[in-house]
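*Asks:* Just need the structure, nothing else, for what follows:
(chains A and B)
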Amino acid sequence: MDNTLGISFEEHVKKETLINRMDTRGRVILAFLLAIAIAVTGNTSSALLLAYSAILVILAQIPWKDLFGRLLVLDGILLALWITLPLSAGGEAFHPGPLTIYKEGITLALSITVKANSAFLSMSALLGTIPFIELFNALEDLKLPRKLLLLIHFTFRYAHVIAAEAESIYRSMMLRGFAHRFNLNTLKGYGILLGMIFVKSYRRADWVMQAMELRGFEGSFFSLRERKAFSAGVLMSLVLPTLLILGCCVL
Amino acid sequence: MSVPVIETKGLSFRYPGKEEYILKEVDFALLTKEKICLRGPNGGGKSTFLHLLMGLLKPTKGIILFHGTEIQGQKELRSLHKRVGFVFQDPDDQLFCPTLLEDVAFGPLNLGIPGKEARERSLAILEKLGLAKYASWPSFNLSGGEKQLAALGTVLSMEPELLILDEPTDALDDNSKDILENILLDFNGSVILVSHEKDFADKVTSSSYFLSKGTLSPLG
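*Replies:* Residues are numbered from 1 along each chain as shown, chains lettered A, B, ... in the order given. A predicted model of the protein is given here:
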């Protein structure tokens, strides 16, 4: 898979890891269960699920230095929560100097941070190391609606094209003296960039639709693939990881 | 005299809201197995002309006939699309399936060809294009030239009787250009080629037309 967008960790896909030996469909199911568990559980369970996710990353043998760069982006966004929630959540408060900090806000920010990091780590380990085409096939085998599948596929397929177009526009702007500054001109430049990407994406969507119609597309998608049967072995391989997730949730 | 494969009579076109006509009263006829090249300056209306022929744009005036039948409704358009292969200028518009093989088989499957036959036909096309080794790859992993050839494969698999190519040599290296040249020379149907590469066009087509300022005229 072309990884120019840095979407996956596919460079680690060929490694003979425990995660890579699992059936792709099993990994998708496990990721789904884990996502639900992370979303609905309380603080203690979330911490355990964070540890569980970290173990998955170790089993997937994704180098931490590769992960940290992406975690930094995620946690950079979460930083906004750490700035706002402790100052605004209400409830029991303490007063370091002139500030009023609410414990509830700290707990909430911590909970969101733990859950977001757990989700990121587990999805990186379970899904990020699957080549896109195999992931697509697994979702098809799991009988996701074909239209939804194709929507996912088109998003992924054309994200690369749109990213290349964005890069090309950005380079052209840089070559004509555009620079990052904290001023209106920089904001205007980014506005133009986003606007152009939107317009180009819209036009491309039209062209792709035309190309499909020219090749006889009348609303139904046909596939060359035969769906793989779901074997007992796949289900068995899910038992232990699922029990562990349940264990984390119960504690 | 045989009926032209595709024909235009008094074809005029201007984009909505524009005063100026891109095409003015164009009369054109392409005979069976005739291979022609369309030349002209950038912005001269070549791509617009091709899009009109394919029914992607509606003529402002005039008519388009396919095997003598005027293209009016969806029924005629569908028939046209099944029998005419159009290769877009940008291959990324044409390669949208999860794998290259599925991209090439997309058209045949839509034509109702059984999966096994569609697969075999698509693999044979990919073999011919030198792309068989990439059959299970997603198309975005291909180089620009490979994508261009793959886009051609997606229409060849429908076994069209008319092939319309909009600047297909843009991203091709010499080797890929040779492959394209051989395919066009072997192609047993009609061809409309838009190309700025005179040498290439002269090799694969027998006559040329020049489109400029809305007027189409034969060259040479």
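*Asks:* drop to CA atoms for contacts and neighbour counts, all remaining ones
*Replies:* Will do.
*Asks:* which residues in chain A form strands?
*Replies:* A:93-94, A:101-102 (DSSP state E).
*Asks:* Let me have those in CSV, extended by distance to A:Leu72, mean neighbour count and mean pLDDT.
*Replies:* Shown next, in CSV, are the strands of chain A (distance: least, Cα to Cα, whole Å; neighbours: other Cα atoms under 10 Å in any protein chain shown; pLDDT from 0 to 100):
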stretch, distance to A:Leu72, mean neighbour count, mean pLDDT
strand A:93-94, 29, 13, 84
strand A:101-102, 25, 20, 90
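*Asks:* looking at these, which is closest to A:Pro86?
*Replies:* strand A:101-102 (5.0 Å; Cα to Cα).
*Asks:* circling back: dump the strands of chain A to JSON lines, plus distance to chain B.
*Replies:* JSON lines is the format used below for those (distance: least, Cα to the nearest Cα, whole Å):
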{"stretch": "strand A:93-94", "distance to chain B": "54"}
{"stretch": "strand A:101-102", "distance to chain B": "50"}
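*Asks:* Just put the ones you listed in CSV and tack on distance to B:Glu146.
*Replies:* What follows is those, written out as CSV (distance: least, Cα to Cα, whole Å):
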stretch, distance to B:Glu146
strand A:93-94, 64
strand A:101-102, 60
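*Asks:* so B:Ser217 touches B:Tyr209, yeah?
*Replies:* Yes. Using Cα atoms under 8 Å, B:Ser217 is in contact with B:Tyr209, at 5.5 Å.
*Asks:* Figure out which of the strands of chain A is closest to B:Gly130.
*Replies:* That would be strand A:101-102 among the strands of chain A, by Cα to Cα, at 66.2 Å.
*Asks:* Residues in contact with that closest one: which ones?
*Replies:* Strand A:101-102 is contacted from outside by A:86-95, using Cα atoms under 8 Å, 6 or more residues apart in numbering or on different chains.
*Asks:* How about stretch A:64-83?
*Replies:* A:106, A:109, A:113, A:117, A:120.
*Asks:* ok, and for that stretch, which residues are buried?
*Replies:* Neighbour-count burial for stretch A:64-83, counted by 16 or more other Cα atoms under 10 Å in any protein chain shown, picks out A:71, A:75, A:78, A:81-82.
*Asks:* Cross-check B:Trp63 against the secondary structure; I expect a strand.
*Replies:* No Trp there; residue B:63 is Ile. Yes. B:Ile63 sits within a strand when classified using DSSP: H, G, I helix; E, B strand; the rest coil.
*Asks:* Helices along the chain, start to end?
*Replies:* With no chain named, the answer covers chain A. A:18-21, A:24-40, A:43-60, A:64-88, A:103-126, A:132-141, A:146-175, A:184-214, A:232-250 (DSSP state H).
*Asks:* look at chain B instead
*Replies:* Along chain B, counting by DSSP H, helices occupy B:46-53, B:74-83, B:100-110, B:115-128, B:144-156, B:174-186, B:198-204.
*Asks:* quick one on the thing from earlier: buried subset of the contacts of strand A:101-102, written for ChimeraX?
*Replies:* With 16+ other Cα under 10 Å as the criterion, this ChimeraX line picks the buried residues out of these:
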select /A:86,87,89,93
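*Asks:* which of the contacts of strand A:101-102 lies closest to chain B?
*Replies:* Nearest to chain B among the contacts of strand A:101-102 is A:Pro86, at 45.4 Å by Cα to the nearest Cα.
*Asks:* Look up the closest residue to that closest one, ignoring the ones flanking it.
*Replies:* In space, A:Pro86 comes closest to A:Gly105 once its chain neighbours are excluded; the distance is 4.0 Å by Cα to Cα, 6 or more residues apart in numbering or on different chains.
*Asks:* Check A:Ser122 too.
*Replies:* Using Cα to Cα, 6+ apart and skipping residues adjacent in sequence, the residue nearest A:Ser122 is A:Ser53, 4.6 Å away.
*Asks:* My read is that the one you found contacts A:Lys115, right?
*Replies:* No. Assessed by Cα under 8 Å, A:Ser53 is found out of contact with A:Lys115, at 10.3 Å.
*Asks:* re the thing from before, show me the contacts for the residue nearest to A:Ser122.
*Replies:* A:118-119, A:121-122, A:125.
*Asks:* how about low-confidence regions in the chain?
*Replies:* I'll assume chain A. When residues are selected by pLDDT under 70, those of chain A lie in A:1-15.
*Asks:* Let me rephrase: I mean chain B.
*Replies:* In chain B, residues with pLDDT under 70: B:1, B:220.
*Asks:* quick revisit: count of neighbours near the residue nearest to A:Pro86?
*Replies:* 23 (other Cα atoms under 10 Å in any protein chain shown).
*Asks:* again, but for B:Pro108
*Replies:* The number of residues packed around B:Pro108, counting by other Cα under 10 Å, is 28.
*Asks:* Same check on A:Arg176?
*Replies:* The local packing of A:Arg176 (other Cα under 10 Å) involves 9 other residues.
*Asks:* Over to B:Ile22?
*Replies:* B:Ile22: 21 neighbours (other Cα under 10 Å).
*Asks:* which residues touch it?
*Replies:* Contacts of B:Ile22 by Cα under 8 Å, 6+ apart are B:12-15, B:44-45, B:48, B:213-214.
*Asks:* where does A:Phe222 sit relative to A:Lys147, distance-wise?
*Replies:* Relative to A:Lys147, A:Phe222 is positioned 11 Å away (Cα to Cα, to the nearest Å).
*Asks:* which one of the two has more residues nearby?
*Replies:* Neighbours per residue, other Cα under 10 Å: of A:Phe222 and A:Lys147, the larger number sits with A:Phe222, 17 against 12.
*Asks:* Go ahead and confirm the more buried one touches B:Gly107.
*Replies:* No. With contact defined as Cα under 8 Å, A:Phe222 does not reach B:Gly107; the gap is 9.8 Å.
*Asks:* what comes up buried for stretch A:161-173?
*Replies:* Result for stretch A:161-173 [16+ other Cα under 10 Å]: buried residues A:161-162, A:165-166, A:169-170, A:173.
*Asks:* Leaving out sequence neighbours, find the closest residue to A:Leu50.
*Replies:* A:Ser118 (4.5 Å).
*Asks:* just to revisit the earlier point, will you turn the contacts of strand A:101-102 into CSV that also has distance to A:Leu184?
*Replies:* Below are these laid out as CSV (distance: Cα to Cα, whole Å):
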residue, distance to A:Leu184
A:Pro86, 32
A:Leu87, 30
A:Ser88, 31
A:Ala89, 33
A:Gly90, 36
A:Gly91, 40
A:Glu92, 41
A:Ala93, 39
A:Phe94, 40
A:His95, 38
